[in-house]
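In: would you be able to build a 3D model of this:
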Amino acid sequence: MSIRDGIGCSLPEEYRILPHCIEFRIPGFEKQYSPGVETLATRNRRTDEWFDWLVTELRSARGRRYLPVCRMSDGEFLFALGEQKADMRLPMTQQVRINLALRIRSLTARPFNAGAVDHYHSGSYTREEWRDGQRRYGAMIRAISEKGILALHLSHGAVPFHEHFFPALGAWLGQHRIHLTDRNYVPFYFVYACLTGPRRKELLSGSRILVINGYGEPKRQRVTDSLMREGAQSVVWRTISSDRSLYDSVDTSGLKGQVDIALVGAGIGKPNILLQLEPLGIPCIDAGFVFEVWADPSNATKRAFCQPDAPCP
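Out: So this is what the prediction gives:
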């Protein structure tokens, strides 16, 4: 795999909030992205080696030390930063139309509702709760960056998607003294690939797994069955709300020393849940949409890096 550092980078300078722009691929998922897709990085490196580092870190921490992993993509960016101006790569007429709509929406006291594929939902908060959450979010994300890993969606291609958040994100990270380094930042999609790709059994097989999620039956049982098929030694559940995790508390009594890894599905409020799990001293992975794949394998086609190029053993 080659390294292409900034050569033909599709991002405007204002969007390059990290110093390097490198070719983005994940072993076992090479067909997922076409040539030209890149990710921002703290240094020039091979993404296959970067991915290997993450799997190794999680595997070595299993059952031994607290290592929270928190993903942030467009939903989290919107929650933390608010709406941002249209992507400057769009045609000017489209930019004007989008920015005018943003201006009109800014005059209304709208709640925050984060939806995704089909029935998947990641948060519902009043306007006041949204403002309160924004005040708290920076400190929580900084704590996770100091104790674990942020999986930020800084990969990008030629077609605009979420990159218009990048300038505000860079300023927000600086404002909250969140410093991205080789040891606390990985690409967002690495997490999906860790849990669904060829190396997933290194984390799941033989593990006593704690699941924290808002699912009810029978979806909960389908997830448990999928994890047991992956070789899990046991699966224990702690239930949270389906869309209010920013204000949820998790009862971890009796779990210390009884679980090796935690898999969290908590939507926008994930930092609140991840930080509560520190006393367990185990890796705590924000798995997000992967739960939908475990509940129904056909969902693997709805997100990138949830279905490897070849069937896994």
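
In: just the strands from the stretch 1-150 of the chain, written as ranges.
Out: Along the stretch 1-150 of the chain, counting by DSSP state E, counting those that start in this stretch, strands occupy 20-23, 38-41, 67-72, 112-115, 121-125, 149-152.

In: tell me which of those strands sits nearest to residue 262.
Out: Evaluated over those, closeness to residue 262 peaks at strand 67-72, with 8.9 Å, by Cβ to Cβ. C-beta here means a position set from N, CA and C on the backbone, and glycine is covered the same way.

In: now that closest one: average pLDDT?
Out: Averaged over strand 67-72, pLDDT sits at 98.

In: check stretch 38-51 too.
Out: When pLDDT is averaged over stretch 38-51, the result is 96.

In: quick check: end-to-end length of that stretch?
Out: In stretch 38-51, first residue to last residue: 14 Å (Cα to Cα, to the nearest Å).

In: which parts of the stretch 51-200 of the chain are helices?
Out: Using DSSP state H, counting those that start in this stretch, the helices found in the stretch 51-200 of the chain span residues 74-81, 92-105, 127-147, 166-175, 189-196.

In: could you dump the strands of the stretch 1-150 of the chain to JSON lines with mean neighbour count and distance to residue 94?
Out: As requested, the strands of the stretch 1-150 of the chain are exported to JSON lines (neighbours: other Cβ atoms under 10 Å; distance: least, Cβ to Cβ, whole Å):
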{"stretch": "strand 20-23", "mean neighbour count": "21", "distance to residue 94": "24"}
{"stretch": "strand 38-41", "mean neighbour count": "24", "distance to residue 94": "23"}
{"stretch": "strand 67-72", "mean neighbour count": "24", "distance to residue 94": "26"}
{"stretch": "strand 112-115", "mean neighbour count": "16", "distance to residue 94": "23"}
{"stretch": "strand 121-125", "mean neighbour count": "20", "distance to residue 94": "27"}
{"stretch": "strand 149-152", "mean neighbour count": "24", "distance to residue 94": "26"}
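
In: could I get these as a markdown table with distance to residue 166?
Out: Below are the strands of the stretch 1-150 of the chain laid out as a markdown table (distance: least, Cβ to Cβ, whole Å):
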| stretch | distance to residue 166 |
| --- | --- |
| strand 20-23 | 12 |
| strand 38-41 | 8 |
| strand 67-72 | 12 |
| strand 112-115 | 19 |
| strand 121-125 | 21 |
| strand 149-152 | 10 |
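
In: figure out which of those is closest to residue 284.
Out: Of all the strands of the stretch 1-150 of the chain, strand 67-72 comes closest under Cβ to Cβ, at 4.7 Å.

In: which other helices and strands contact the closest one?
Out: Under the contact criterion of 3 or more Cβ pairs under 8 Å, 6 or more residues apart in numbering; DSSP states H and E, strand 67-72 touches helix 47-61, helix 127-147, strand 149-152, helix 270-276, strand 283-286.

In: just name the most buried of these.
Out: Of the helices and strands packed on strand 67-72, the one with the most neighbours on average (mean count of other Cβ atoms under 10 Å) is strand 283-286, at a mean of 27.
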